[in-house]
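Chemist: Fold the following for me, if possible:
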Amino acid sequence: MGRREGQWTGLDEPPVRSDIAWSSADRIVVRGLDLPTEVLGHLDLAAFSFLQLTGRRPTPEQGRVYNALLITLVEHGITPSARACVAWAVSS
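Modeler: Okay, here's the model as predicted:
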């Protein structure tokens, strides 16, 4: 059975690239950082998702608010508790 048009074989295609990430047979780069050596074990989930969304690492203050917002979203979605969390983070 032959290869269909647009079907990726993984062997004869160039590396996949985008503004957010790219990979090759031996590297995975996300927002300019090497995934295994510069992201894994160095960024927490909140900092990594902030990086993915904005293209930069959060400041300590932004990280605190963003992490608090993510916790409230996991807990119950955007509700009064999420608003209270943001108020807490801003006042701390």
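
Chemist: can you list the domains in this structure?
Modeler: Per automatic domain parsing, the domain ranges recorded for the chain read 1-42, 57-92.

Chemist: ok, what's across the strand from residue 28?
Modeler: Per DSSP bridges, the residues bridged to residue 28 are residue 23.

Chemist: still on that earlier bit, okay if I get the domains of the chain as a markdown table plus mean pLDDT, distance to residue 49 and mean neighbour count?
Modeler: From N, CA and C alone the C-beta is placed, and that goes for glycine too. Converted to a markdown table, the domains of the chain look like this (pLDDT from 0 to 100; distance: least, C-beta to C-beta, whole Å; neighbours: other C-beta atoms under 10 Å):
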| stretch | mean pLDDT | distance to residue 49 | mean neighbour count |
| --- | --- | --- | --- |
| domain 1-42 | 77 | 11 | 10 |
| domain 57-92 | 80 | 7 | 14 |
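
Chemist: Put together CSV for the ones you listed, with distance to residue 48 on each row.
Modeler: Output for these, formatted as CSV (distance: least, C-beta to C-beta, whole Å):
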stretch, distance to residue 48
domain 1-42, 6
domain 57-92, 9
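
Chemist: Name the helix or strand for the residue nearest to residue 46 when sequence neighbours are not counted, please.
Modeler: Nearest non-adjacent residue to residue 46, counting by C-beta to C-beta, 6 or more residues apart in numbering: residue 67, 4.1 Å away. Per DSSP states H and E: residue 67 is located in helix 60-76.
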